[in-house]
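J.: sharing a model prediction with you, sequence too.
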Amino acid sequence: MDFMGVSRTIFLAIIGFDPVSIGILTSLATVVGAVRSGVIGLLADRYGKRIFLILGGLFSAIRMVLYAFSTDFYIIVLAQGLGAFGEGAGAGQPSVSGLSC
């Protein structure tokens, strides 16, 4: 996952984003990730883990499609926010962590 973070930052620089915009996008993922872990963990315990595992993969796929077809900053912000729910530490991670206990 660390490699994806580095390669995503390089990709954003290549398509023309300035360092401040890249920092905003990186920070957004961190903030969403912090909130997501607690919220998804609680919801997965209450409503079942399967749906959150599926949503995690779906959000990650949506992010990649948005990244592939847009260079608009606001679309990338949307993609980054959705994708932060679906990365390896995304919506599936709190669900998987609960399964391994």
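T.: Arrived safely.
J.: point out where this protein drops to low pLDDT.
T.: 1-2, 86-101 (pLDDT under 70).
J.: cutoff 90 now
T.: When residues are selected by pLDDT under 90, those of the chain lie in 1-9, 11-12, 25-64, 67-68, 71, 79-101.
J.: which non-adjacent residue is nearest Gly33?
T.: Ala84 (5.2 Å; Cβ to Cβ, 6 or more residues apart in numbering). In this view, the C-beta of every residue, glycine as well, is placed from N, C-alpha and C.
J.: next, find the distance separating the one you found from Phe59.
T.: 8 Å (Cβ to Cβ, to the nearest Å).
J.: am I right that Arg63 is in contact with Leu82?
T.: Yes - counting by Cβ atoms under 8 Å, Arg63 touches Leu82, with 5.4 Å between them.
J.: neighbour count for those two, which is higher?
T.: It is Arg63, of Arg63 and Leu82, that has more neighbours when counted by other Cβ atoms under 10 Å, with 23 against 18.
J.: for the more buried one, give me its contacts.
T.: Arg63 makes contacts with 79-80, 82-83, 86, as judged by Cβ atoms under 8 Å, 6 or more residues apart in numbering.
J.: looking at these, which one is closest to Tyr67?
T.: Closest approach between the contacts of Arg63 and Tyr67, by Cβ to Cβ: Ala79, at 5.5 Å.
J.: extract the C-alpha trace of stretch 3-17 and format it as CSV.
T.: Extracted C-alpha coordinates of stretch 3-17, given in CSV (Å, rounded to 0.1, in the frame of the first residue of the first chain):
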residue,chain,number,x,y,z
PHE,A,3,4.0,1.9,-2.9
MET,A,4,0.6,2.9,-4.2
GLY,A,5,0.8,6.1,-2.1
VAL,A,6,4.2,7.0,-3.6
SER,A,7,3.2,6.1,-7.2
ARG,A,8,-0.1,8.0,-6.8
THR,A,9,1.8,11.1,-5.7
ILE,A,10,4.2,10.8,-8.7
PHE,A,11,1.2,10.2,-11.0
LEU,A,12,-0.5,13.4,-9.7
ALA,A,13,2.7,15.4,-10.3
ILE,A,14,3.1,14.0,-13.8
ILE,A,15,-0.5,15.0,-14.8
GLY,A,16,0.2,18.6,-13.6
PHE,A,17,-0.9,19.0,-10.0
